[in-house]
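Trainee: Coordinates for the following, if possible.
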Amino acid sequence: MTGLMKKRTNTAQVSKYAEAEFSDDNEIEIEVKDLGVTFHDNSGNEVQALTGINLEIKKGEFISLVGPSGCGKTTLLRTIADLQEPTDGSIHVAGRLPREERMMQKFGIVFQQPVLFDWRTVQKNVELPLELMYYSKKDRRDRAKEMLEMVGLSDFADSYPSQLSGGMQQRVNIARAFAIRPEILLMDEPFSALDEFTKEKLHEDLLRMWRQTNKTVLFVTHNIQEAVFLSDRICVLSPHPGRLSAIVDVDLPRPRSTEMKFTPEFNALVEKVRNSFEGGSI
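Mentor: You can find the predicted model right below:
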């Protein structure tokens with residue numbers, strides 16, 4: 001235990017954002033082969049949520065999953081995260097099974113709702129996963145402080161969730177996900193409940209954090225414009241059953257700016273994604 005604590009203390013002393021390790025652009029982080037997921041509804045009938053999904057995601061990529069309701073976006077994300085069992089096919093993350101990666105705390109997950117504990121301060125909410133991992137008080141405090149600085153909430157460390165706006169609460173949620181220094185960030189429509197002004201600011205914040213940390217991001221959204229603005233590639237899923245219809249490369253330069261949304265190139269990519277759906281409407 002002493003050796004473990006010493007190792008964590010040393011880690012906490014590394015300079016800010018030093019955990020980012022930029023790797024070979026061709027290194028595959030997530031590999032999905034012939035994936036299928038089948039549920040049973042309340043009547044006992046089989047419902048095929050996903051079928052024949054094949055996908056490779058490179059380390060450090062920002063990938064969005066886009067599609068209409070019922071196309072299996074969230075099911076695919078949950079299956080990669082080991083929150084849902086596949087029925088057919090396989091998933092490997094860094095060459096291992098998703099369960100191995102989850103047990104090694106390699107996933108950071110951000111859901112649509114922040115799910116913060118009202119009786120804990122912002123600082124203590126960010127510290128929570130580190131408490132569960134038995135980090136020392138000093139390491140928890142230092143890591144949470146670093147993450148709150150990264151999301152621009154240092155001045156609100158002693159506030160409670162009820163005192164924050166929806167956008168600020170989601171920033172706390174993101175800071176908590178980053179606190180364990182995951183290799184992969186899984187985000188399930190994290191900005192869908194926010195107003196457009198807040199959403200635009202969080203888009204820029206998220207891209208800044210992604211550049212600083214070089215995490216692999218898998219982002220679920222219904223919003224095509226959001227996907228184009230954020231992503232390296234967009235995976236278009238179509239429903240009944242959920243299947244991968246197209247993968248659209250987003251060749252816009254980085255860093256991205258809000259002004260890009262008004263360019264012909266941006267609008268052409270939005271139209272390309274929209275035209276890639278097979279049935280259903282987004």
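
Trainee: Packing partners of the longest helix along the chain?
Mentor: For the chain, the longest helix by residue count, based on DSSP state H, is helix 196-213. Here helix 196-213 touches helix 166-179, helix 224-230, going by 3 or more C-beta pairs under 8 Å, 6 or more residues apart in numbering; DSSP states H and E. Placement of C-beta: from N, CA and C, glycine included.

Trainee: Of these, which is nearest residue 241?
Mentor: Among the helices and strands packed on helix 196-213, the nearest to residue 241 by C-beta to C-beta is helix 224-230 (21.6 Å).

Trainee: what does the closest one contact?
Mentor: Contact with helix 224-230 is made by 62, 64, 66, 191, 199, 203, 206-207, 219, 221, 234, 250, 252, 256, 260-261, 266, 269-270, 273-274, 282, as judged by C-beta atoms under 8 Å, 6 or more residues apart in numbering.

Trainee: again, 7 Å this time
Mentor: Residues outside helix 224-230 that contact it (C-beta atoms under 7 Å, 6 or more residues apart in numbering) are 62, 64, 66, 203, 207, 219, 221, 234, 250, 256, 261, 266, 269-270, 273-274, 282.

Trainee: one step back: what lies in contact with the next helix or strand after the longest helix of the chain?
Mentor: Counting by DSSP states H and E, the next helix or strand C-terminal to helix 196-213 is strand 216-221. By C-beta under 7 Å, 6+ apart, the surrounding residues in contact with strand 216-221 are 29, 57, 59-66, 73-74, 77, 80, 183-189, 210, 227, 230.

Trainee: same thing with stretch 75-93?
Mentor: Everything outside stretch 75-93 that qualifies as a contact, by C-beta under 7 Å, 6+ apart, is 29-38, 49-50, 53, 65, 98-99, 101-102, 107, 109, 184, 186, 188, 218, 220, 242.
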